[in-house]
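Asker: just coords:
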């Protein structure tokens, strides 16, 4: 098959690119070229800004595809652009949405593709919902061959899947552990969460490419394993070989005393107990099963980050904020 990937070098898509490079498919990456150093040699790279429609049309002149895979569509204007660019030029358009789009607060912790889409807390999720609605409208009215995919907290070796971190990623949480400092965990740490390795995600995603049963359908792709936030952080501490010092703080409080968007990312997503039912993707891609456990995936990620200095991005602003939150809460406790 002839496959065009818009993006192709991010957290979710890197593993897909790598696994596709091991097949006989003709694969093209369309991106600005800022992270192409690790792209496999047999992948065709088209360096162009997807937002420059005229340049994209020039670069893709005369080309049609079996599948166009969109990884960086966040607002409706971007998928409207894609419709203009690829309607009539692809047999399938696969859009990466988000499992954060599911109804919050959750009415039932068991999540299926039929769970309602509504998230009043997070603009990111509402924008994903709007993109889905537009694309399905184009499918119903014009036959645009869309497939929707909803990941939930997919991670790679460069990024730890944590709930409370600053704008520079999760390494500062690791650094706090190494320095013997307590780390903030949302709520009481017992809510169930799902983290999924991008290697597992890629296997299911690739199974949807060219799949005629996937047209007009939405699929969630996650691990079947549920873990708590306490367990996630404890695994990280164990891999580092340090004492685990959790400090539990209500998500509502974190959102109220922070400029970080914890209203969206925590209250609208990660503070909710959710368990994903992956029956639909398993029916569509026979044999798919996520095989990388949370413990294995987190261990590999921590080890990779500690071996690569470029992944050790410090965030003193977030560190100071954590110290302040803990200090203020401890001071309040002493007043009673």
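Answerer: Nice, I can see it. Because the structure is predicted, anything quoted here is derived from the model rather than measured. Numbering: from 1, shown residues only.
Asker: give me the low-pLDDT residue ranges for this structure?
Answerer: Within the chain, not a single segment meets pLDDT under 70.
Asker: The host helix or strand of residue 15 - contacts with which helices or strands?
Answerer: Element membership for residue 15 (DSSP states H and E) is helix 13-21. Using 3 or more Cβ pairs under 8 Å, 6 or more residues apart in numbering; DSSP states H and E as the contact test, the elements touching helix 13-21 are strand 2-6, strand 26-31, helix 198-208. The C-beta positions use only the backbone N, C-alpha and C, and glycine is treated the same way.
Asker: In it, which residues are buried?
Answerer: By neighbour count on 16 or more other Cβ atoms under 10 Å, the buried set for helix 13-21 is 13-20.
Asker: With distance to residue 44 as added columns, please give those in TSV.
Answerer: TSV is the format used below for the buried residues of helix 13-21 (distance: Cβ to Cβ, whole Å):
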residue	distance to residue 44
13	15
14	16
15	18
16	15
17	11
18	15
19	16
20	11
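Asker: Out of these, which comes closest to residue 324?
Answerer: residue 14 (35.5 Å; Cβ to Cβ).
Asker: ok, residues contacting the helix holding residue 15?
Answerer: If you take Cβ atoms under 8 Å, 6 or more residues apart in numbering as the criterion, helix 13-21 is touched by 3, 5, 7-9, 27, 29, 38-40, 42-43, 69, 71, 156, 197-199, 201-203, 205-206.
Asker: give me that answer again for 10 Å
Answerer: 1, 3, 5-10, 26-27, 29, 31, 35, 38-43, 69-72, 96, 154, 156-158, 197-203, 205-206, 209 (Cβ atoms under 10 Å, 6 or more residues apart in numbering).
Asker: what residues are up against residue 163?
Answerer: Residues in contact with residue 163 (Cβ under 10 Å, 6+ apart) are 153, 170, 173, 184-187, 189, 191, 193, 229, 232-233, 251, 254, 262, 265-266, 269-271.
Asker: And residue 22, by the same measure?
Answerer: 40, 42.
Asker: What distance do you get for it to residue 125?
Answerer: Separation of residue 22 from residue 125 (Cβ to Cβ, to the nearest Å): 33 Å.
Asker: What of residue 333?
Answerer: When residue 333 is compared with residue 125 (using Cβ to Cβ), they lie 34 Å apart.
Asker: which of those two has more neighbours?
Answerer: residue 125 (24 against 8; other Cβ atoms under 10 Å).
Asker: That one contacts residue 100, correct?
Answerer: Yes - at 4.4 Å, residue 125 counts as touching residue 100 under the criterion of Cβ atoms under 10 Å.
Asker: any common contacting residues for those two?
Answerer: In contact with both residue 125 and residue 100: 117, 119, 264-265, 268-269, using Cβ under 10 Å, 6+ apart.
Asker: which residues of the chain fall in helices?
Answerer: In the chain, the helices defined using DSSP state H lie at 13-21, 53-59, 76-86, 123-142, 171-178, 198-208, 229-240, 251-256, 262, 279-284, 294-307, 316-334.
Asker: Tell me which of those helices sits most buried.
Answerer: helix 262 (a mean of 24; mean count of other Cβ atoms under 10 Å).
Asker: Other residues contacting that one?
Answerer: Under Cβ under 10 Å, 6+ apart, the answer for helix 262 is 121, 163-164, 186, 251-256, 268-271.
Asker: follow-up on the earlier one: show me the two of the shared contacts of residue 125 and residue 100 that sit farthest apart.
Answerer: Using Cβ to Cβ, the two most remote members of these are 117 and 265, lying 17.5 Å apart.
Asker: who has more neighbours, these two?
Answerer: Under the criterion of other Cβ under 10 Å, the comparison of residue 117 against residue 265 puts residue 265 first, with 23 against 20.
Asker: OK, contacts around that one?
Answerer: Residue 265 touches 100, 121-122, 124-125, 163-165, 186, 251, 254-255, 271, counting by Cβ under 10 Å, 6+ apart.
Asker: got the residues you listed as TSV, with distance to residue 323 columns?
Answerer: As requested, the contacts of residue 265 are exported to TSV (distance: Cβ to Cβ, whole Å):
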residue	distance to residue 323
100	29
121	27
122	27
124	28
125	30
163	18
164	13
165	15
186	17
251	19
254	14
255	18
271	22
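Asker: Quick one: buried ones out of the contacts of helix 13-21?
Answerer: Counted by 16+ other Cβ under 10 Å, the contacts of helix 13-21 give 3, 5-10, 27, 29, 31, 39, 43, 69-71, 96, 154, 156-158, 197-203, 205-206, 209 as buried.
Asker: Closest one to residue 220 out of the contacts of residue 265, please.
Answerer: Ranking the contacts of residue 265 by separation from residue 220, with Cβ to Cβ as the measure, puts residue 100 on top at 11.2 Å.
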